[in-house]
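Peer 1: predicted structure and sequence below. I'll ask about it afterward.
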Amino acid sequence: MDPCPFVRILVGNLAIKSPASSKPSFSGKVHPSSSPCFCEIKLKGVDSSPCHVATVPLISDSETHPHSLAATFDFPKAQIPKNPLIKISVYKGRTTTSCAFSSAKLLGKISVPLDLSLAESRPSMFHNGWVPLGRNTHNSSSAQLLHLTVRADPDPRFVFRFDGEPECSPQVFQVRGDVKQPVFTCKFSFRDRNPGQFSSANANHMAERKGWSITVHDLSGSPVAAASMVTPFVPSPGSQRVSRSNPGAWLIIRPDGDGTWKPWGRLEAWREPNNSNAVGYRFEVLPATADPVTLAGCTISSQHGGKFTIDVTSSVTPVSTPRGSWDLGSGSRPGSGSGSDFGLEQQFLYKGFVMSAKVDGERKCSKPEVEVGVKHVACAEDAAAFVALAAAMDLSMDACKLFSQKLRKELRQ
């Protein structure tokens, strides 16, 4: 089945430049224009669109603007908005990630209209350069200037949907619009392991959540990926929580021929401290010839669920560059400066959006939906590895429940 068409809007390369910022201060005090600046980025014309908050650096006339990503907005073809508008409000002062600017001063607002009629088939540039901020926009020589890049790219993805909870050994369907077809089956099981392998001086073995495993098979019944719990989920001493200092962990493995398996990635998960309802996670790939490379790390609400995402886009490259939309600035160009974020080998393996998986919160029937960027799937085993990773993340939501809570029977040995 063909992939689903998606459109991705990217906003980035933000910077502020003003006449004052290029003049030296002889008083020995910090010039007011060097105060921290922030912006909120919204996509108007879309219901429930997220608000992104980003730092905006101040630069002088002699400096070039930084290459960085500030916000992304992703849509399948059926949900591409009509007449959308990127709205950026720039502030000076302190802020938070909640789009609450109570003590900040508004410097100006910028709106960039978007025409996404062609974005499904080719990259589209909507703005790349400087624009005046504030009321004094008619006199650009005395106005503060904001640099930004706004573009949209086609970003086709394979979409997979579990038809049941991973612990119930469900089928997995590939979905395109209203059409779906089975592509994988999952088998949840408990590994028979020597209890000594999981020994811990600080853990009660009866309270451990350990030995969980889920294997992904193709329609012929051949195993094509698996996720295996290699570090048990145990409560920290004196608490009911899996701590970040002692997380549970999964190994995501792929067939390596002759009935053997090779490690592909490692997922760690824990419960955030201080009565938080958030589950923290970290995912790293395990290259055969290099050190592990962390590709994702964030939190998901245990109550409401959320989205596990791997996205290695680090900046927004103008479409007019010689390489076009080769990597959205993710670091595969020699000298781009962002390769160190993801490792030398991974900058060629993983670019832009990689995958996402929706997982539900506690007391809900979670049927993960997985999106995988087309450029990261060359065979069934590639897709299956991401499906296994999504299942491991979903199961981690259960494994990170407070140990005062009882697990459903499918998860109890």
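Peer 2: Okay, I see it.
Peer 1: low-confidence ranges, the stretch 151-300 of the chain, go.
Peer 2: 192-207 (pLDDT under 70).
Peer 1: quick one: residue 42 and residue 49 touch, right?
Peer 2: Yes - the criterion here is C-beta atoms under 8 Å, and residue 42 meets it with residue 49 at 6.3 Å. Backbone N, C-alpha and C define where each C-beta goes, glycine included.
Peer 1: out of those two, which sits in the busier spot?
Peer 2: residue 42 (18 against 15; other C-beta atoms under 10 Å).
Peer 1: quick one: residues contacting residue 408.
Peer 2: By C-beta atoms under 8 Å, 6 or more residues apart in numbering, the residues touching residue 408 are 167, 398.
Peer 1: gap between it and residue 188?
Peer 2: Going from residue 408 to residue 188 by C-beta to C-beta, to the nearest Å gives 12 Å.
Peer 1: pretty sure residue 407 sits against residue 398.
Peer 2: Yes - with contact defined as C-beta under 8 Å, residue 407 reaches residue 398; the gap is 6.1 Å.
Peer 1: if we can go back for a sec, shared neighbours of residue 408 and residue 188, anything?
Peer 2: What both residue 408 and residue 188 touch, as defined by C-beta under 8 Å, 6+ apart, is the set residue 167.
Peer 1: now residue 350: closest residue in space, sequence neighbours ignored.
Peer 2: residue 312 (5.1 Å; C-beta to C-beta, 6 or more residues apart in numbering).
Peer 1: just checking, residue 286 touches residue 263?
Peer 2: Yes - counting by C-beta under 8 Å, residue 286 touches residue 263, with 4.8 Å between them.
Peer 1: if we can go back for a sec, gap between the residue nearest to residue 350 and residue 187?
Peer 2: 31 Å.
Peer 1: for residue 248, same thing?
Peer 2: Relative to residue 187, residue 248 is positioned 21 Å away (criterion: C-beta to C-beta).
Peer 1: the two - which one has more neighbours?
Peer 2: residue 248 (24 against 13).
Peer 1: show me what the more buried one is bridged to.
Peer 2: Bridge pairing for residue 248 (DSSP bridges) gives the partners residue 269.
Peer 1: so what's it up against?
Peer 2: So residue 248 contacts 209, 229, 231-234, 242, 268-270, 396, 399-400 (C-beta under 8 Å, 6+ apart).
Peer 1: keep only those of those that are in helices.
Peer 2: 396, 399 (DSSP state H).
Peer 1: residue 66: which of the contacts of residue 248 is nearest?
Peer 2: residue 268 (30.9 Å; C-beta to C-beta).
Peer 1: that closest one: neighbour count?
Peer 2: 19.
Peer 1: what of the one 10 residues further on?
Peer 2: Burial measure for residue 278: 17 neighbouring residues, criterion other C-beta under 10 Å.
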